[in-house]
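1. I need the structure of the sequence given here:
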Amino acid sequence: MVVDVGSAASVPVRRHEIQRERRMMRGFQNPILGPLLRRFGGPQHLVQMGMSFWSSRLILSAVEAGVFTELRNGPMFEYELVRALGWHPRAAGTAFDALVAAGLLRRDKAGRYANTTRSAMFLDRTKPSYVGGLMELSSKRLYDLWSGLDDLLRTGRPGAEEERGDNEFFATLYRDPLALKDFLAGMTGISTGEATLLATRFPWKQFRTFADIGCAQGALPVRVALSHRHLHGTGFDFPAVRPIFTEYVDCFGLADRLDFVEGDFLEVPLPRADVISFGHVFHGRSWQIRQELVDKAYAAIPPGGAVIVYDAMIQSGRRNNFQSLLSSLNIMLESRDGYESSTTACARLLRDGGFTRVKVRPLLGPTSAVFGYKPGRLPRTEE
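-> Numbering: from 1, shown residues only. You can find the predicted model right below:
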């Protein structure tokens with residue numbers, strides 16, 4: 001039976017809702033309680049979360065256009081920045097002011113715009129700390145890719161291109177040296193912090209050699225080598241990565257202690273070393289492939305050696321892991337089998353592969369490291 005909204009049966013419900021609305025209105029209007037309710041009990045935060053793609057698109061467009069790079073030499077007036085970027089004055093000024101409000105730009109009393117300390121450090125393409133390469137990738141690929149989330153949630157499968165395994169974006173990326181360098185530089189910028197912490201949160205002193213699998217530009221090998229002068233390391237990645245890795249390593253004067261081995265870790269044995277590390281490698285692979293990589297690592301290291309896996313892992317409980325869970329959805333959108341593992345599952349994976357004394361160490365943000373040891377003993381070495 002359909003109940004008419006004006007019928008007697010609906011009156012108690014409507015009366016209750018009206019009373020609740022009146023109480024809420026009085027609370028919002030109260031000079032003492034109102035500010036608290038508006039801040040913590042209102043819908044504004046929910047609306048901001050739902051509309052956060054506004055700010056995301058603004059920042060990605062600014063990075064792509066080179067706003068922060070143009071400002072590297074000092075403050076600029078609006079008309080100067082508009083001319084340098086090729087933007088239209090109708091919207092440009094509003095965009096610049098929005099970046100000021102977001103804390104990414106400063107505007108002085110004369111009306112000139114300038115970088116903040118943080119944007120100058122991380123969003124200027126000329127700086128080695130630039131993380132915009134990852135943002136540019138997000139703008140060109142991931143932003144539109146996330147429009148397929150509804151389909152993923154409904155079917156459990158990524159878009160047709162990723163489902164077939166013929167991801168043209170990455171195929172093209174590895175054929176373009178400049179684009180690949182920009183992308184890997186962005187990955188370095190985003191992973192430098194976690195690599196720096198990993199260089200101190202693992203007992204490197206007892207080992208002599210290490211190999212970083214899927215090394216990219218070399219963020220981890222460089223940080224480990226800088227922190228532990230007795231170590232010699234190897235970066236392992238596709239052939240196209242070699243010149244980018246070599247150039248980066250040379251910048252730090254580490255060519256005598258860090259070398260490069262090219263190959264596909266899915267197809268060939270891993271290089272031999274006391275320690276094998278996998279950084280942001282497992283999350284794009286199925287559980288079976290992860291098992292195979294753990295087995296390869298076990299075969300490549302001597303007794304007493306160790307394996308390290310670090311990624312945006314999900315902690316137990318799954319309640320305070322927003323960024324890791326979003327990262328897991330992102331990799332599901334990009335691949336047929338990928339997902340972010342939990343630290344518990346990763347630790348179990350290493351134990352099942354024969355490793356002992358498995359430990360979990362938090363790094364930076366959503367990233368954690370899980371490491372374990374191959375039974376046996378290595379000769380001690382001193383730094």
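
2. Tell me where this structure is predicted with low confidence.
-> 1-13, 38, 40-42, 160-171, 317-320, 379-383 (pLDDT under 70).

3. What residues sit buried inside the longest helix along it?
-> In the chain, taking DSSP state H as the definition, the longest helix is helix 177-198. By neighbour count with 16 or more other CB atoms under 10 Å, helix 177-198 contains the buried residues 179-192, 194-198. For the C-beta atoms, the positions are set from N, CA and C on the backbone; glycine is no exception.

4. Show residues contacting stretch 116-125.
-> With contacts defined as CB atoms under 8 Å, 6 or more residues apart in numbering, stretch 116-125 is touched by 63, 66, 68-69, 71-72, 103-106, 115, 127, 129-132, 189.

5. Among the residues you listed, name the buried ones.
-> The buried subset of these - by 16+ other CB under 10 Å - is 63, 66, 68-69, 71, 104-106, 115, 127, 130-132, 189.

6. In helices only, show me the residues you listed.
-> Short answer: these in helices (DSSP H) are 63, 68-69, 132, 189.

7. Now do the same contact list for residue 351.
-> Contacts of residue 351 by CB under 8 Å, 6+ apart are 358, 372.

8. Distance-wise, check it relative to residue 370.
-> From residue 351 across to residue 370, the span is 10 Å (CB to CB, to the nearest Å).

9. shared neighbours, those two?
-> Looking at what touches both residue 351 and residue 370 (by CB under 8 Å, 6+ apart), the common residues are residue 358.

10. Could you list every helix and strand in contact with whichever strand or helix holds residue 59?
-> Per DSSP states H and E, residue 59 falls inside helix 53-65. Packing partners of helix 53-65 (3 or more CB pairs under 8 Å, 6 or more residues apart in numbering; DSSP states H and E): helix 89-101, helix 132-137, helix 143-145.

11. How about that helix, which residues are buried there?
-> 58-60, 62-63, 65.

12. If you compare the directions of that helix and helix 177-198, what angle comes out?
-> With axes from the mean of the first three to the mean of the last three CA atoms, to 10 degrees defining the directions, helix 53-65 sits at 120 degrees from helix 177-198.

13. residues making contact with helix 53-65?
-> 68, 85, 87, 95, 98-99, 102, 104, 123, 132, 135-136, 138-139, 143.

14. what separates it from the chain centre, distance-wise?
-> 17 Å (CA atoms, centre = their mean, to the nearest Å).

15. Send over that helix as CSV, restricted to the C-alpha atoms.
-> Extracted in CSV, the C-alpha atoms of helix 53-65 (Å, rounded to 0.1, in the frame of the first residue of the first chain):
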residue,chain,number,x,y,z
PHE,A,53,38.2,17.0,-7.6
TRP,A,54,37.9,20.8,-8.0
SER,A,55,41.1,21.4,-6.1
SER,A,56,42.8,18.3,-7.5
ARG,A,57,42.1,19.5,-11.1
LEU,A,58,43.4,23.0,-10.3
ILE,A,59,46.6,21.8,-8.8
LEU,A,60,47.3,19.3,-11.6
SER,A,61,46.6,21.9,-14.3
ALA,A,62,49.0,24.4,-12.5
VAL,A,63,51.7,21.7,-12.3
GLU,A,64,51.3,20.8,-16.0
ALA,A,65,51.3,24.4,-17.1
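
16. what angle do that helix and helix 89-101 make?
-> Counting by the same axes, to 10 degrees, helix 53-65 lies at 110 degrees to helix 89-101.

17. Distance to residue 248 added to the buried residues of helix 53-65, as TSV?
-> As requested, the buried residues of helix 53-65 are exported to TSV (distance: CB to CB, whole Å):
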residue	distance to residue 248
58	31
59	26
60	25
62	26
63	21
65	26
